[in-house]
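In: Just to be clear, the model below is a prediction. Sequence and coordinates:
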Amino acid sequence: MSNCIFCKIIDGDIPSQKVYEDDDVFAFKDLNAQAPLHVLIIPKKHISSINALTADDAETVGKLYLAAKKIATDTGYADDGYRVVMNCGEAAGQTVFHIHLHLLAGRSLSWPPG
Ligand code: 5GP
Ligand code: ZN
């Protein structure tokens, strides 16, 4: 998607602080971090939201979670705990319409979220 900022980040047209990459997944630090660790984990395939997922995307979405586990482990947060969240739609706070898992760690995270 030519007008998608996360596709531009994957392509390197917009700079980012990359923390992980494989054939299907790209992960980078959130520009406006809400925790000591705040990483966005995205598929290289452009998918606008959870509402746009198809059965063919199941493996891709699973890989986002495996990347979250790897990043949390590699950064030393796996044992203390971390949160992964994907907002869907404007009412949930989605502002970038290329699906992304937020990985948050390094502070006590309250529940329920606001
Ligand atoms: P959403 O609100 O859609 O769930 O999350 C979008 C996230 O993307 C926000 O946390 C925001 O800070 C982050 N973000 C938006 N634009 C950029 C950018 O250009 N670079 C990076 N690293 N993060 C961004
Ligand atoms: Zn995109």
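Out: Perfect, thanks for sending it. Ligands and ions are numbered 1, 2, ... in the order given.
In: what about residue 105, distance to residue 99?
Out: According to CB to CB, to the nearest Å, residue 105 and residue 99 sit 20 Å apart. Using the backbone N, CA and C atoms, a C-beta is placed for each residue, glycine as well.
In: Equivalent analysis for residue 19, please.
Out: Computed as CB to CB, the residue 19 to residue 99 distance reads 18 Å.
In: More neighbours: which of those two?
Out: Relative neighbour count places residue 99 above the other of residue 19 and residue 99, with 26 against 19, counting by other CB atoms under 10 Å.
In: so where does the more buried one fall, helix or strand?
Out: Taking DSSP states H and E as the definition, residue 99 sits outside all helices and strands.
In: wait, isn't it in contact with residue 50?
Out: Yes: with contacts defined as CB atoms under 8 Å, residue 99 counts as touching residue 50 at a distance of 6.6 Å.
In: Could you count how many residues lie near residue 7?
Out: Using other CB under 10 Å, residue 7 is surrounded by 18 other residues.
In: same deal with residue 111?
Out: 5.
In: for ligand 1, what are the nearby residues on this structure?
Out: Listed as neighbours of ligand 1 in the chain under the rule CB under 6 Å from any ligand atom: 5, 14, 16, 28-32, 40, 87, 93-96.
In: want to throw those into JSON lines with pLDDT, secondary structure and neighbour count?
Out: Formatted as JSON lines, the residues of the chain next to ligand 1 follow (pLDDT from 0 to 100; DSSP: H, G, I helix; E, B strand; the rest coil; neighbours: other CB atoms under 10 Å):
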{"residue": "5", "pLDDT": "98", "secondary structure": "helix", "neighbour count": "15"}
{"residue": "14", "pLDDT": "98", "secondary structure": "coil", "neighbour count": "12"}
{"residue": "16", "pLDDT": "98", "secondary structure": "coil", "neighbour count": "18"}
{"residue": "28", "pLDDT": "99", "secondary structure": "strand", "neighbour count": "21"}
{"residue": "29", "pLDDT": "98", "secondary structure": "strand", "neighbour count": "14"}
{"residue": "30", "pLDDT": "98", "secondary structure": "coil", "neighbour count": "17"}
{"residue": "31", "pLDDT": "98", "secondary structure": "coil", "neighbour count": "9"}
{"residue": "32", "pLDDT": "98", "secondary structure": "coil", "neighbour count": "6"}
{"residue": "40", "pLDDT": "99", "secondary structure": "strand", "neighbour count": "20"}
{"residue": "87", "pLDDT": "98", "secondary structure": "coil", "neighbour count": "18"}
{"residue": "93", "pLDDT": "96", "secondary structure": "coil", "neighbour count": "12"}
{"residue": "94", "pLDDT": "98", "secondary structure": "coil", "neighbour count": "18"}
{"residue": "95", "pLDDT": "98", "secondary structure": "coil", "neighbour count": "7"}
{"residue": "96", "pLDDT": "98", "secondary structure": "coil", "neighbour count": "15"}
